[in-house]
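Structure for the following, please:
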Amino acid sequence: MPRPKSKPELLEQSQQNFDKLNHYVDTFSPEEREAEFPEGTLNRNIRDVLAHLHHWHLMLLDWYRVGMRGEKPDIPAKGYTWKTVPELNRQVREKSKDLALDEVQQKLSQSHADTQKTIEQHSNEELFEKKRYKWTGSTSLGTYLISATSSHYDWAYKLIKRCKKQQAVHH
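The predicted model follows:
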């Protein structure tokens with residue numbers, strides 16, 4: 001699917017990929033949903049993957065609030081750089097490892113809705129004009145939103161699918 005280039009495409013693709021991911025997760029039995037992924041993946045199960053998406057929504061929404069006030073947000077997070085994102089993602093996993101899958105799913109649904117509302121508040125130009133907002137640097141607000149929604153949901157879907165395939169081979 002091509003990258004969204006307009007507000008309607010972004011809203012639609014974000015919702016479609018979110019729904020596709022959730023429908024896929026719903027196809028698994030409760031035991032399969034809790035099963036550990038094969039060794040070598042940072043996110044150890046479906047809960048970890050969905051918590052990762054939720055946490056990145058929260059970070060994006062925070063960047064947005066800070067940036068739209070005219071301040072400089074800590075991107076990706078305070079004390080981290082894009083080079084240290086793997087360490088940040090390990091911290092994200094640590095924070096959510098004791099949550100139940102259904103709790104993570106509820107949190108993710110809420111943060112997805114909040115992110116969609118953020119997209120809806122903006123015009124096409126506000127979303128896709130590069131350098132429009134100081135806090136987004138040389139890129140556009142839409143690029144950040146695509147990364148945290150449609151692209152990220154697609155990544156999660158493919159990761160879960162790959163891990164489930166590997167699990168099937170090992171059992």
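
got the contact list for the residue nearest the centre of the chain?
In the chain, the centroid-proximal residue (C-alpha atoms, centre = their mean) is Leu53; its distance is 3.2 Å. By C-beta atoms under 8 Å, 6 or more residues apart in numbering, Leu53 lies in contact with 108, 111-112, 152-153, 156. The C-beta positions use only the backbone N, C-alpha and C, and glycine is treated the same way.

Pull out the buried members of those.
With burial judged by 16 or more other C-beta atoms under 10 Å, the buried subset of the contacts of Leu53 is 108, 111-112, 152-153, 156.

In strands, which of these fall?
Judged by DSSP state E, strands contain none of the buried ones among the contacts of Leu53.

and His23, what element?
helix 7-26 (DSSP states H and E).

Equivalent analysis for Arg162, please.
Assigning secondary structure by DSSP H and E places Arg162 in helix 150-170.

what helices or strands is that helix leaning on?
Packing partners of helix 150-170 (3 or more C-beta pairs under 8 Å, 6 or more residues apart in numbering; DSSP states H and E): helix 7-26, helix 46-68.

Tell me which residues of that helix come out buried.
Result for helix 150-170 [16+ other C-beta under 10 Å]: buried residues 150-157, 159-160, 163-164.

now swap in stretch 15-35 and tell me
15, 17-18, 21-22, 25, 33, 35.

hang on, Trp135 packs against Arg69?
No - here Trp135 does not reach Arg69: they are 9.2 Å apart, not a contact under C-beta atoms under 8 Å.

So what's the residue count around Ala51?
Number of residues near Ala51 (other C-beta atoms under 10 Å) recorded here: 24.

For it, give me its contacts.
92-93, 95-96, 99, 104, 107-108.

how about 6 Å then?
Counting by C-beta atoms under 6 Å, 6 or more residues apart in numbering, Ala51 touches 96, 104.

mind checking how far it is from Leu127?
27 Å (C-beta to C-beta, to the nearest Å).

what inclination does the helix holding His23 have with respect to helix 150-170?
Here helix 7-26 runs at an angle of 20 degrees relative to helix 150-170 (axes from the mean of the first three to the mean of the last three C-alpha atoms, to 10 degrees).
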